[in-house]
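Q: sequence plus the predicted model coming up.
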Amino acid sequence: MKIVQISPYFPPHVGGVEYHVKELAEGLCRRGHQVSVASSCGRRSRDFDFISIPSVDLFYSPIPLRLPSLQADIYHSHIPSPLFAYLLRGARPQVVTYHNDVVVPRDVNGFALPGPLAGTLERIASRMVEPILEEAQAIVATTKSYAETSPTLRRHLDKVRIVPNAVNLSLYPRVEEKGRYVLYAGRILNYKGVGNLLYAMKEVQQSAPDLELVLVGEGYDRPRLERTAAALGVRAKFTGRLERSMFIDTISRAEVLVLPTQSRLEAFGIVLLEAMACKTPVLAFDTPGVNEVARCGGMVFSSRKELRDRILQMHEDEPLRKLLGERGRRAVEERYSWSCALDMMESVYRDAAERN
């Protein structure tokens, strides 16, 4: 098949969706498909064609100025970025991966965004997404629980197919000996729940003063959150962005990985799979999608107090950590490998072509 993947961003731009699209494109190429990737930024590959889309950035999202003429057997867009997906209106057959609901953060680059304005932007973006989903021959969601609780996807469940995110298992070592630190890996932003994690760690370190918090990533809230950590007296190390090999070493040696995000912007949490692939147990906030993944190799929490208790429980119970680590690795091998994901995506493409 000749397949076009269209995504707002692409590596080296950092993000879960970006690396998902890259791995998907490379995997499809290995299976003999002819793949092109169209994006606002990215790096050319020897495996697939890269098509640059002129764009300007606004509110975390690139606004495309034009789309080159594309010919393909399957047009696969990745949203939310309604303006990018909108460029494919009329293209058939079309597959849309709905990575998460349209949610506008209440602060942008450190400036508070009035609630009514954020709500208005969300409604406008959601209305733009609707005709794209209506036109699509197939809609891909990454978990059943997220699709069923999405106010947008609930109207299109007859077309929704579940294809989970995946990781390349060969990249992640199974490390038995863990360090004495709790790990957060992601953008350093307030809406990601980093502040709540800092407050929970203040109480954790009162009982376990040797347990450090390591935060990997960058974000405009980092200076503010570093000041919060210092004011609370939390022993925390902000590493910034790490090279891939160093990141994998860090996640493989963590005692536990925490994903504290409560927002529906976090629909899956690929970082959970990365930790589970290394037999590192995980803790995640109990939200649809994320909870489905986290329970495969860890536990969920629904309050700051429960987060504190779960971290201490993990710290004090090594057999539990090992049990959850083994369970998580097995889940990745059986359900979240790229071999499984590519099989499912090829099936979606065949069905979409038949519906056309």
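A: That came through fine.

Q: looking at this, Tyr75 is in a strand?
A: Yes. Under DSSP: H, G, I helix; E, B strand; the rest coil, Tyr75 falls within a strand.

Q: that one reaches Val96, doesn't it?
A: No. Tyr75 lies out of contact with Val96 (CB atoms under 8 Å); the separation is 9.2 Å. (C-beta placed from N, C-alpha, C; glycine too.)

Q: where do the contact lists of the two overlap?
A: Contact criterion CB atoms under 8 Å, 6 or more residues apart in numbering; no residue bridges Tyr75 and Val96 by contacting each.

Q: in three-state terms, label the closest residue to Arg30 other than its chain neighbours for me.
A: Among residues not flanking Arg30 along the chain, Asp47 sits closest, at 7.9 Å (CB to CB, 6 or more residues apart in numbering). The three-state assignment at Asp47 reads coil, by three-state DSSP.

Q: what's the helix or strand harbouring Val95 packed up against?
A: Using DSSP states H and E, Val95 maps to strand 94-98. Where contact means 3 or more CB pairs under 8 Å, 6 or more residues apart in numbering; DSSP states H and E, strand 94-98 is packed against strand 74-79, helix 115-135, strand 138-141, helix 338-355.

Q: need the contact partners of that strand.
A: With CB under 8 Å, 6+ apart, strand 94-98 has contacts from 74-80, 85, 88, 132-133, 135-142, 147, 150, 152-153, 163, 348-349, 352.

Q: show me what contacts Val182?
A: Val182 touches 201, 204, 211-214, 254-258, 311, counting by CB under 8 Å, 6+ apart.

Q: how many neighbours does Arg127 have?
A: Per other CB atoms under 10 Å, the neighbour tally for Arg127 reads 11.

Q: likewise Val103?
A: 17.

Q: look at it and tell me its secondary structure.
A: Val103 is classified as coil under three-state DSSP.

Q: kindly report the same for Pro173.
A: What three-state DSSP gives for Pro173 is coil.

Q: where does the spatially closest residue to it that is not a sequence neighbour land on pLDDT?
A: Leaving out its chain neighbours, the residue that sits closest to Pro173 by CB to CB, 6+ apart is Ser252, at 5.4 Å. pLDDT for Ser252: 97.

Q: low-confidence ranges in the stretch 51-200 of the chain?
A: Applying pLDDT under 70 to the stretch 51-200 of the chain picks out residues 52-68, 80-86, 104-113, 115.

Q: hmm, 90 instead?
A: 51-72, 77-92, 101-132, 173-177, 189-191 (pLDDT under 90).

Q: mean confidence score for stretch 306-313?
A: Here the average pLDDT along stretch 306-313 is 98.

Q: residues of that stretch that come out buried?
A: 306-308, 310-312 (16 or more other CB atoms under 10 Å).

Q: out of those, which comes closest to Val293?
A: Nearest to Val293 among the buried residues of stretch 306-313: Arg310, at 16.0 Å, using CB to CB.

Q: list the contacts of the closest one.
A: Arg310 is in contact with 283, 299, 301, counting by CB under 8 Å, 6+ apart.

Q: repeat for Gly195
A: Going by CB under 8 Å, 6+ apart, Gly195 touches 225, 228.

Q: so it is in which element?
A: helix 194-207.

Q: just to revisit the earlier point, top of the contacts of Val182 by neighbour count?
A: Busiest of these [other CB under 10 Å] is Val258, holding 31 neighbours.

Q: and the helices in the stretch 201-350 of the chain?
A: 222-232, 244-253, 270-277, 290-294, 304-316, 318-335, 338-355 (DSSP state H, counting those that start in this stretch).

Q: against which helices or strands is the fourth one packed?
A: By that I understand helix 290-294. Using 3+ CB pairs under 8 Å, 6+ apart, helix 290-294 is in contact with helix 144-149, helix 270-277, strand 282-285, strand 298-301.

Q: mind running it again at 7 Å?
A: helix 270-277, strand 282-285 (3 or more CB pairs under 7 Å, 6 or more residues apart in numbering; DSSP states H and E).

Q: adding distance to Asn196, write the ones you listed out as CSV.
A: Formatted as CSV, the helices and strands packed on helix 290-294 follow (distance: least, CB to CB, whole Å):
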stretch, distance to Asn196
helix 270-277, 17
strand 282-285, 9
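
Q: got CSV for those, with mean neighbour count too?
A: Putting these into CSV (neighbours: other CB atoms under 10 Å) gives the following:
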stretch, mean neighbour count
helix 270-277, 27
strand 282-285, 27
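
Q: and of the ones you listed, who's closest to Gly325?
A: helix 270-277 (7.8 Å).

Q: just how off-centre is the closest one within its chain?
A: Relative to the chain's own centre, helix 270-277 is displaced by 10 Å; criterion: CA atoms, centre = their mean, to the nearest Å.

Q: now it: mean pLDDT?
A: Mean predicted confidence for helix 270-277 is 97.

Q: make 437 the first number, not 1, from now on.
A: New numbering, starting at 437: the last item is helix 706-713.
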